[in-house]
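Novice: build me a structure from this.
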Amino acid sequence: MTLLALTLQAFFTTRLIGQVGASPHTIAAYRDTWRLLLRYVVATTGTPAHTIDIAQLDADLIGAFLNHLQDQRGNSIATRNARLAAVHSLFTYAAIQHPEHAASIARVLAIPAKRRQRRTDVTYLTEPEVTAVLTAPDQCTVAGRRDHALIQVAVTTGLRVSELTGLRRSDIHLGTGAHVLAHGKGRKDRITPLDHQTVTVLHDLLTAPAAATPATSSEGFVFTTRGGTRLSRDAVAVPLTAHARTAAASCPSLTGKTITPHVLRHTAAMRLLAAGIDSTVIALWLGHESINTTQVYLHADLTTKENALDRTTPTGATPGRYHPEDDSLLTFLQSL
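Specialist: Just a heads-up that it's a prediction; the model follows:
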């Protein structure tokens with residue numbers, strides 16, 4: 001077994017699982033990155049995966065792999081950077097364990113993340129669209145009541161889809177100071193308050209007769225399948241798309257609009273912003289690690305910008321007329 005194989009095994013078992021306690025999502029992401037990288041090396045060099053060594057994984061090969069991700073696999077810059085982060089993480093561990101490869105490892109660690117244009121457009125639902133989507137599920141059915149409650153919780157709390165599907169009955173508190181306990185990214189828990197309407201919807205869902213609710217899960221999940229198991233991401237996304245299509249009949253602005261579970265999270269943030277809530281509070285509400293992540297909602301809200309403009313004083317300056325340069329060299333420089 002090569003040094004790389006031993007290092008990979010120790011990195012995942014000793015480092016990520018034993019020492020860091022990384023989440024299953026992180027372990028899966030790192031695993032997939034290294035499977036892609038090793039398969040790329042096999043395809044380009046003909047070297048069997050179990051015989052690849054650390055010395056072969058130099059900066060040139062890693063750079064070619066990253067270009068392959070973008071050019072051949074069509075990965076975005078964000079995905080490319082995430083793959084690079086997984087490579088860097090293992091090489092950082094390898095630098096300590098195998099200092100004899102320090103020079104080669106340092107060159108790999110020096111590969112920078114690629115800069116990308118940050119999007120400022122955010123898809124979210126307006127209040128009429130929220131109402132239309134909420135009324136779309138058929139609440140005469142078990143699945144319809146569940147979907148209605150899930151959408152209601154999503155647009156008022158802003159929980160991620162993984163947090164929604166992971167909600168347990170013990171995480172819901174409907175008495176005084178009603179709130180949900182969300183288990184977020186990075187094993188970070190946060191408490192999110194519930195409004196009166198959401199409390200009513202959840203109370204009706206959780207207290208419905210057994211015949212009118214999905215089978216009770218042994219793990220106590222709030223939103224479950226017919227068999228009582230936890231919903232998958234697809235089990236949330238697919239019905240949501242169908243409900244949005246139904247809602248478009250009464251709310252034409254939904255036509256052609258792609259509605260995903262994350263759009264509901266954006267909607268919750270935009271509703272808070274429209275209510276005048278400070279962005280730092282919205283960051284805490286959504287469980288953002290950095291307030292910079294929340295700034296995208298400020299960019300997306302044109303109304304907030306228009307209100308800010310209305311509060312400013314006109315400059316009072318008299319507009320002038322443009323006079324082109326009469327020198328050819330200055331005109332050329334001006335045109336750049």
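
Novice: assess the claim that residue 17 and residue 30 are in contact.
Specialist: No: taking contacts as Cβ atoms under 8 Å, residue 17 lies outside contact range of residue 30: 11.0 Å. C-beta here means a position set from N, CA and C on the backbone, and glycine is covered the same way.

Novice: those two - which one has more neighbours?
Specialist: The neighbour count for residue 17 versus residue 30, taken as other Cβ atoms under 10 Å, is higher for residue 30 (22 against 13).

Novice: contacts only, for the residue nearest to that one when sequence neighbours are not counted.
Specialist: Distance criterion Cβ to Cβ, 6 or more residues apart in numbering; nearest residue to residue 30, sequence neighbours excluded, is residue 86 at 4.5 Å. Contact analysis of residue 86 by Cβ atoms under 8 Å, 6 or more residues apart in numbering lists 29-30, 33-34.

Novice: helix, strand or coil for residue 180?
Specialist: What DSSP: H, G, I helix; E, B strand; the rest coil gives for residue 180 is strand.

Novice: surely it meets residue 169?
Specialist: No: with contact defined as Cβ under 8 Å, residue 180 does not count as touching residue 169 (10.8 Å).

Novice: more neighbours, the two?
Specialist: residue 180 (24 against 13).

Novice: for the more buried one, give me its contacts.
Specialist: Taking Cβ under 8 Å, 6+ apart, one finds 153, 157, 159, 167, 171-173, 191-192, 194 in contact with residue 180.

Novice: same check on residue 192?
Specialist: 157-159, 179-180, 182, 285.

Novice: in strands, which of the contacts of residue 180 fall?
Specialist: Those of these mapping onto strands are 172-173, 191-192, per DSSP state E.

Novice: now, of those residues, which are buried?
Specialist: 172-173, 192 (16 or more other Cβ atoms under 10 Å).

Novice: so which of those residues comes closest to residue 238?
Specialist: residue 172 (24.5 Å; Cβ to Cβ).

Novice: how distant is the helix or strand hosting residue 89 from the center of its chain?
Specialist: Using DSSP states H and E, residue 89 maps to helix 77-97. Distance of helix 77-97 from the chain centroid (Cα atoms, centre = their mean, to the nearest Å) equals 20 Å.

Novice: after that helix, which helix or strand is next?
Specialist: Following helix 77-97 in sequence, per DSSP H and E, is helix 102-109.

Novice: which of the residues in that next one are buried?
Specialist: Quick answer for helix 102-109 (16+ other Cβ under 10 Å): 104-105, 108-109.

Novice: other SSEs contacting it?
Specialist: helix 59-71, helix 77-97 (3 or more Cβ pairs under 8 Å, 6 or more residues apart in numbering; DSSP states H and E).

Novice: quick one, the last one and helix 102-109 angle?
Specialist: This points to helix 77-97. Using axes from the mean of the first three to the mean of the last three Cα atoms, to 10 degrees, the direction of helix 77-97 lies 160 degrees away from that of helix 102-109.

Novice: now helix 77-97: mean pLDDT?
Specialist: Mean per-residue pLDDT for helix 77-97: 94.

Novice: now swap in the first one and tell me
Specialist: Taken as a whole, helix 59-71 has a mean pLDDT of 95.

Novice: just want the angle from that helix to helix 102-109.
Specialist: Using the same axes, to 10 degrees: helix 59-71 against helix 102-109 is 20 degrees.

Novice: how about helix 59-71: buried residues?
Specialist: Per 16+ other Cβ under 10 Å, helix 59-71 contains these buried residues: 61-62, 65-66, 68-69.

Novice: again, but for stretch 128-148
Specialist: Those would be 129-130, 132-137, 142, 145-148, for stretch 128-148 by 16+ other Cβ under 10 Å.

Novice: show me where the stretch 201-336 of the chain has helices.
Specialist: 233-247, 261-274, 279-286, 295-300, 302-310, 328-335 (DSSP state H, counting those that start in this stretch).

Novice: which among the contacts of residue 180 gets closest to residue 7?
Specialist: Using Cβ to Cβ, those come closest to residue 7 at residue 159, 37.7 Å.

Novice: point out where the protein drops to low pLDDT.
Specialist: 118-120, 186, 210-219, 298-317, 322, 325 (pLDDT under 70).

Novice: pretty sure residue 197 sits against residue 149.
Specialist: No: in this structure, residue 197 is not within contact of residue 149 by Cβ under 8 Å, at 11.0 Å.

Novice: the more surrounded of the two?
Specialist: Between residue 197 and residue 149, residue 149 has the larger neighbour count (other Cβ under 10 Å), namely 22 against 11.

Novice: is it correct that that one is in contact with residue 207?
Specialist: No: if you go by Cβ under 8 Å, residue 149 and residue 207 don't touch, sitting 11.9 Å apart.

Novice: rewinding a little: and the buried residues of stretch 128-148 as TSV, adding secondary structure and distance to residue 290?
Specialist: What follows is the buried residues of stretch 128-148, written out as TSV (DSSP: H, G, I helix; E, B strand; the rest coil; distance: Cβ to Cβ, whole Å):
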residue	secondary structure	distance to residue 290
129	helix	29
130	helix	27
132	helix	34
133	helix	30
134	helix	31
135	helix	36
136	coil	35
137	coil	35
142	helix	40
145	helix	37
146	helix	34
147	helix	32
148	helix	33
